[in-house]
Structure formats: structure tokens, C-alpha cells
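Undergrad: Could you work out the structure for the sequence below:
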Amino acid sequence: MLVSTRGRYALRVMIDLVEHVASGYIPMKDVAQRQGISLKYMERIMPLLVKGNLVDAVQGKGGGYRLEKSPWDISVGEILRLTEGSLAPIACLEPDAPACPHVEDCRTLSMWKGFQKMADDYFNGITIGDLMRADPGDQYVI
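TA: Predicted coordinates:
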């Protein structure tokens with residue numbers, strides 16, 4: 001499993017929104033500048049976070065983005081699934097994947113299912129609030 005730049009940037013954006021929550025709605029250009037992310041790339045990330053009901057958006061003067069929920073109610077797994085689509089390690093475990101012709105005699109399927117459960121449990125067990133408590137030298141690297 002390889003998390004794309006979009007997934008890693010989405011996590012950084014969410015952390016930035018928490019760090020600046022007192023500012024109200026935060027303009028995308030401010031987040032992009034602080035995080036070193038191009039505005040064009042941010043324009044691809046933010047709609048996913050809005051559609052997933054993690055971020056609220058207001059357009060116009062005084063507009064921007066803010067968290068829709070508490071950072072303690074937003075899991076890393078939720079963000080990664082919004083940005084990555086799926087965390088499945090193999091194609092046959094993707095949502096809506098066609099039936100694999102080898103499923104009946106596949107000796108590795110249970111291993112892949114176990115790996116996916118382990119990854120899902122791990123990422124679902126970490127919230128943005130947890131990342132805010134982590135020291136930069138901790139085990140969470142984005």
C-alpha cells in the first residue's frame with residue numbers, strides 16, 4: 001500500500017485547520033502557503049474533504065474552510081479513504097471489484113484480508129486530535 005501525495009497533503013491540511021481553528025474560516029491560499037502546497041493541488045483536495053463532511057466551506061469575502069467536526073472525531077482512515085478511494089492492498093479487495101476467478105482456490109486471500117484489516121484498524125484508531133498531541137519526532141510521519 002502506497003499513500004499518494006494527495007492523501008499525505010490532506011492530512012497536513014486537516015492538521016493546519018486544527019492549528020488555526022481560532023481564525024474561523026481559513027482561506028485556502030493561507031493553508032497552501034503555510035504547507036507549501038500549490039493552490040492548484042489544494043483545489044483537488046478540498047472538495048473531497050468537503051464532500052466527506054470533514055470540512056465546511058464558505059465562498060466570498062471572509063470565506064474559507066474550517067473543520068466540520070471535532071479533531072477527535074476525524075480518523076486518519078476516514079481522510080485516507082476519501083483521498084485514496086480505498087486502502088485495499090490488492091484489486092480483488094477493492095469495493096465493487098468484480099469477482100476474482102481464483103477466489104475458491106486462492107491461498108493468499110486470507111493473508112491480504114488480514115493485512116487490510118490491520119491497516120484499517122490502525123488508521124481508524126488514529127484521529128487528527130491524536131496527531132495534534134504527537135511530537136514531531138513521534139512515529140506518525142506524513
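Undergrad: can you map out the strands along this protein?
TA: 55-58, 64-67 (DSSP state E).
Undergrad: Reformat the ones you listed as CSV; add distance to Cys92.
TA: Bear in mind the C-beta positions are built from the backbone N, C-alpha and C, glycine included. Output for those, formatted as CSV (distance: least, C-beta to C-beta, whole Å):
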stretch, distance to Cys92
strand 55-58, 32
strand 64-67, 35
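Undergrad: mind checking pLDDT for Pro89?
TA: What the model reports as pLDDT for Pro89 is 88.
Undergrad: State the distance from it to Ile45.
TA: 23 Å (C-beta to C-beta, to the nearest Å).
Undergrad: Which one of the two is surrounded by more residues?
TA: Neighbours around Pro89 and Ile45, counted as other C-beta atoms under 10 Å, are more numerous at Ile45. The numbers are 25 against 17.
Undergrad: And for Leu39, nearest residue in space, chain neighbours not counted?
TA: Distances taken as C-beta to C-beta, 6 or more residues apart in numbering place Ala32 nearest to Leu39, at 5.1 Å, with adjacent residues excluded.
Undergrad: Thanks a lot, see you next time.
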